[in-house]
Each structure stands twice: as C-alpha cells, then as structure tokens.
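*Asks:* From the sequence below, what's the structure:
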Amino acid sequence: GMNAAIQEDERSLLGLGFAQPIDRVEDVVPGLIEDGLTWFPELGFLVARDVDSAWVLERIRGEAQPGVAIPDGGLLVREVDPGGPAARAGLRPMNLFGDDVQLARIDVKDIVVGVGSTRVSDRATLLAALEAVPEGEAVRLLVARAGGEVKLVLDPASGAGPRPGCTPRCRRLLRGRGVG
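*Replies:* Residues are numbered from 1 along each chain as shown. From the prediction side, this is the model:
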C-alpha cells in the first residue's frame, strides 16, 4: 500500500494520515506517470455512513406499513447532485424533516443495494464494486425503492473526466524510484 500524511508546517505533521491499498495504487500510478492525469467518475451522489444507514433502516423497518419490504442492508442515498449523472438516471435522496435526527421524520427514497451483479451492504463493498466498472462504462445501480427494486443506469462519462493528479516533478520522482 501507500501511506500519506498532511504536513501542518515545515516541522510537524497534522496527525492525520491516509492509506491506499496497493491494488488502487497500481491502478492509478501508471496514468499519473504517463500524463499526470487519472480518471475519476463523477456519479453525482453521496451515501450515508454505514452506521447511519443501518440505524435508519432499522428505524424504518419498525415503522413500515404491512407488506412493504425494507432491505436487510444497503446504503441510504443521502444527497444527489441536481445536474449529475445520478439525478439524470432518476436516483432520489432521502429527506430529513426536523433538526434533531433522533426525533426527525426521515423520508427514505432510495437505498443502493447493488452495483452490476454485486450486492452491496456497506461503503467498502460499494466502492470496490464501483472501482470494478471499466473506465467510461455505464454504472448499473440496483436500488431499493418503495418496497421493490429498481435498476438505474448512470453514465459517468457525462460527468467525468481526467483530473490533474501528478505534476511533471511528481512523474520524474516516481520514475526515479522505479515506479512505472
């Protein structure tokens, strides 16, 4: 893997570090060396944290009308970018009515339960499934909605593009260390 830390000033680190799995590093570094760019699909939606999704699913399961199936797992769609691929595909975010999340009424619209043929139950499996989709290819989401499941197709090319990721100096340093 690869580790990184945030430098607070010239002599100290902020105390915040990041680690990337070697599989991710091997996917990204060649593009950084070649042209200083890497591809990040902009799908235009955010999901709730695993613990929040589980808590809300449990809560709505207890409040559900008879006959309305609530999935055992999945991730709540928290936000959808109005102009993004997710909105164009019809993905709908949850609504929170009230200031205190413990007491608020939560209107759950969509719960992501799959990407392609892979079922997802947490953010790690969601990210792994999204990373497995080839660059530029449509992302097929399976979404629990109103007691059933809906298939949505998101076109990442409509909101994606190359992003600067490595300066020429960075590429020279990587090459000098035998990477790429």
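
*Asks:* rest of the way, CA atoms for contacts and neighbours
*Replies:* Noted.

*Asks:* Under a three-state scheme, what state does residue 124 occupy?
*Replies:* Applying DSSP: H, G, I helix; E, B strand; the rest coil to residue 124 yields a three-state assignment of helix.

*Asks:* so where is this protein shaky, pLDDT-wise?
*Replies:* For the chain, residues meeting the criterion pLDDT under 70 lie at 5-18, 24, 35-41, 64-69, 98-104, 157-180.

*Asks:* which residues of it fall in strands?
*Replies:* 2-7, 13-20, 37-40, 45-47, 75-80, 95-97, 105-107, 111-115, 118-119, 139-145, 148-154, 161-164 (DSSP state E).

*Asks:* Check whether residue 119 really touches residue 128, as I assumed.
*Replies:* No: Residue 119 is beyond contact range of residue 128, at 11.0 Å (criterion: C-alpha atoms under 8 Å).

*Asks:* which of the two has more neighbours?
*Replies:* Using other C-alpha atoms under 10 Å, the more surrounded residue of residue 119 and residue 128 is residue 119, with 17 against 14.

*Asks:* so what's that one up against?
*Replies:* residue 113 (C-alpha atoms under 8 Å, 6 or more residues apart in numbering).

*Asks:* Ok, residue 149 next?
*Replies:* Contacts of residue 149 by C-alpha under 8 Å, 6+ apart are 142-143.

*Asks:* Report the beta-bridge partners for it.
*Replies:* residue 144 (DSSP bridges).

*Asks:* With residue 46 instead?
*Replies:* Going by DSSP bridges, residue 46 forms beta bridges with residue 79.

*Asks:* sorry, back to before: right, so the strands of the chain: which one is the most enclosed?
*Replies:* strand 111-115 (a mean of 25; mean count of other C-alpha atoms under 10 Å).

*Asks:* Just name whatever secondary elements that strand is in contact with.
*Replies:* Helices and strands touching strand 111-115, by 3 or more C-alpha pairs under 8 Å, 6 or more residues apart in numbering; DSSP states H and E, are strand 75-80, helix 123-131, strand 139-145.

*Asks:* Now tell me what touches it from outside.
*Replies:* 73-77, 119-121, 126, 129-130, 139-145.

*Asks:* which residues sit in contact with residue 81?
*Replies:* Per C-alpha under 8 Å, 6+ apart, neighbours of residue 81: 44-45, 87.

*Asks:* Lovely, talk soon.
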